[in-house]
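In: Predicted model and sequence below, questions to follow.
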Amino acid sequence: MINFYFKEKKYMTGLFTLIIAILTVESSYIQNLERPAGKVPDTVQFWITPEVQWRIKTYSIDHDIHTYKLQNKKDGNPISDDFAINNIKKGYEDIIASLIVLKFHDPKDKEEVQRVLAEHKLTGTLEIGANGIVFYNPDNKKYHSQSTPE
């Protein structure tokens with residue numbers, strides 16, 4: 001078993017899961033605008049680790065990102081892949097272009113990350129934040145929080 005570090009926090013590894021919904025739209029939360037996707041679509045993602053789970057929404061027009069740290073289930077276990085997939089389908093079913101489940105043993109291993117992304121024909125990168133969040137960046141541009149959901 002490998003130990004995985006984000007700054008000061010230590011996470012035990014086994015298998016890390018990133019679920020990505022590539023949407024058929026590009027949007028701006030700031031401008032309240034949504035249109036058919038051009039080169040870069042919006043995404044909805046779930047990052048699931050044994051200790052922490054995140055829901056991530058990217059808005060490609062402004063490279064805005066909204067992140068939500070999720071709680072473990074009442075039994076202390078992380079949310080399941082099925083929960084994340086069903087959550088995405090419930091909210092975005094009519095605009096999902098593809099839904100992809102990626103598995104990583106070590107998301108800091110650049111060779112493994114490139115191999116997994118290539119297997120799924122994904123051309124972007126995996127971004128790793130200091131707070132334990134990992135997300136798929138579809139166009140290698142800088143995503144940062146620019147707006148706050150109402």
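Out: Received it, and whenever you're ready, just let me know what you need.
In: what comes up buried for the helix ranked longest in the chain?
Out: What stands out as the longest helix in the chain, according to DSSP state H, is helix 81-92. By 16 or more other Cβ atoms under 10 Å, the buried positions in helix 81-92 come out as 83-84, 87-88, 92. In short, each C-beta sits where N, CA and C put it, glycine included.
In: Report all helices and strands that the following helix or strand past it contacts.
Out: The element immediately downstream of helix 81-92 (helix or strand, assigned by DSSP states H and E) is strand 96-104. Judged by 3 or more Cβ pairs under 8 Å, 6 or more residues apart in numbering; DSSP states H and E, strand 96-104 is in contact with strand 16-23, helix 81-92, helix 110-119.
In: Turn the ones you listed into JSON lines, columns for distance to residue 59 and mean pLDDT.
Out: Converted to JSON lines, those look like this (distance: least, Cβ to Cβ, whole Å; pLDDT from 0 to 100):
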{"stretch": "strand 16-23", "distance to residue 59": "10", "mean pLDDT": "97"}
{"stretch": "helix 81-92", "distance to residue 59": "13", "mean pLDDT": "96"}
{"stretch": "helix 110-119", "distance to residue 59": "21", "mean pLDDT": "96"}
